[in-house]
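Asks: Sequence unavailable; structure follows:
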Ligand SMILES: Nc1nc2c(ncn2[C@@H]2O[C@H](COP(=O)(O)OP(=O)(O)OP(=O)(O)O)[C@@H](O)[C@H]2O)c(=O)[nH]1
């Protein structure tokens, strides 16, 4: 879901919300039609009713490709199809013989409940992401960062994973702002964040820590592997061209500091150490990644 803009996020959340409400209203009206023996809307009896309802039309024709890649999409799609097919079976029986099999009705009603739950869960997940995303860069804001990192630390303490934290800061960003203006600076910032989001693994997290400083949380990754990964990202940023206006392109570099979180460390200490390593990378000339070592402890740099 990294490639979705804030506006697209909002539109998807609205569609999911509408899907829940529309299907609830539809279910009530079907019950009314059956109880009062009113004629059914023949479209509900079609084999393709799941494609023809408003949600189906949106799902199959207009939903964002990134949403279709979401793990929840497939099960929502299947449940929605199943639910409409079960509804059609109930309606056909009611139309032909005046009543439906209770089991069929229960399957239909249970399927609708499951669909509602799945859509609701996805909607909540997207809302959390939406409200915790930095609108300029698409990275996570710091809200929830410490909670997430503490959970990751618990897994380190249990020996379930290795965890490395990296602080990243763009080099000479003030000079870039001064030379090209803040608007261009913003575009560069957003471009670099986009590059990082596109090149980290699905279980890594990128947080905007401060102005032009980012924190990367690399789960299941020890220091050596993290250094290789970060080196690849650093190299990628250096070569990545950010389109500014028309043909104008800018390139920037970034410095990184890394710390492998150990069972005995606190998250605050881990962030501080990654920051010390970043400071060392800046001192040594920028555009490089440094791993924290004991010599960098307070006072040594
Ligand atoms: N355009 C833009 N600039 C920002 C933003 N947040 C912070 N900055 C700028 O980033 C610059 C950071 O400057 P410094 O901390 O001096 O660092 P630097 O110039 O990158 O130098 P080094 O980090 O030492 O390589 C400042 O000029 C801030 O105004 C932002 O959201 N947009």
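Replies: Perfect, I can see it now. These numbers were taken from a predicted model, which means no experiment stands behind them. Numbers count the residues shown, from 1 in each chain.
Asks: Could you look up the SS state of residue 264?
Replies: When classified by DSSP: H, G, I helix; E, B strand; the rest coil, residue 264 comes out as coil.
Asks: Would you mind measuring from it to residue 153?
Replies: 10 Å (C-beta to C-beta, to the nearest Å). For the C-beta atoms, the positions are set from N, CA and C on the backbone; glycine is no exception.
Asks: quick one: which of these two has more around it?
Replies: Per other C-beta atoms under 10 Å, whichever of residue 264 and residue 153 has more neighbours is residue 153, with 20 against 8.
Asks: Show me what counts as buried in the helix or strand harbouring that one.
Replies: Using DSSP states H and E, residue 153 maps to helix 145-157. Buried positions in helix 145-157, judged by neighbour count with 16 or more other C-beta atoms under 10 Å: 145, 148, 149, 152, 153, 156.
Asks: just how off-centre is it within its chain?
Replies: 19 Å (C-alpha atoms, centre = their mean, to the nearest Å).
Asks: Contacts only, for residue 268.
Replies: By C-beta atoms under 8 Å, 6 or more residues apart in numbering, the contact set of residue 268 is empty.
Asks: Just after the helix or strand hosting it, pick out the following helix or strand.
Replies: Secondary structure assigned from DSSP H and E places residue 268 in helix 267-283. Beyond helix 267-283 on the C-terminal side, the first helix or strand identified by DSSP H and E is strand 289-291.
Asks: What helices and strands are in contact with that next one?
Replies: Contact partners of strand 289-291 among helices and strands, from 3 or more C-beta pairs under 8 Å, 6 or more residues apart in numbering; DSSP states H and E: helix 223-239, strand 254-261, helix 267-283.
Asks: those helices in the stretch 101-250 of the chain, which residues are they?
Replies: Remark: helices assigned in the stretch 101-250 of the chain by DSSP state H, counting those that start in this stretch are 102-131, 145-157, 173-180, 182-199, 223-239.
Asks: Dump the ones you listed into CSV; add mean pLDDT and distance to residue 269 as well.
Replies: Converted to CSV, the helices of the stretch 101-250 of the chain look like this (pLDDT from 0 to 100; distance: least, C-beta to C-beta, whole Å):
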stretch, mean pLDDT, distance to residue 269
helix 102-131, 95, 27
helix 145-157, 96, 10
helix 173-180, 95, 27
helix 182-199, 94, 24
helix 223-239, 97, 16
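Asks: Throw the ones you listed into TSV and include distance to the ligand, thanks.
Replies: Converted to TSV, the helices of the stretch 101-250 of the chain look like this (distance: least, C-beta to the nearest ligand atom, whole Å):
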stretch	distance to the ligand
helix 102-131	19
helix 145-157	17
helix 173-180	3
helix 182-199	3
helix 223-239	13
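Asks: Could you list the low-pLDDT ranges of the chain?
Replies: Applying pLDDT under 70 to the chain picks out residues 1-3, 298-301.
Asks: near the ligand, which residues of it show up?
Replies: Within the chain, the residues that sit near the ligand (C-beta under 6 Å from any ligand atom) are 169-175, 177, 182, 185-186, 189, 211-212, 282, 286.
Asks: can you tell which of the helices and strands packed on strand 289-291 is closest to residue 10?
Replies: Among those, the nearest to residue 10 by C-beta to C-beta is helix 223-239 (29.4 Å).
Asks: check contacts around the residue nearest to residue 234 when sequence neighbours are not counted.
Replies: Sequence neighbours aside, residue 289 is the residue nearest to residue 234 in space, at 5.6 Å (criterion: C-beta to C-beta, 6 or more residues apart in numbering). Shown in contact with residue 289 (C-beta under 8 Å, 6+ apart): 166, 227, 230, 231, 234, 255, 256, 257, 258, 281.
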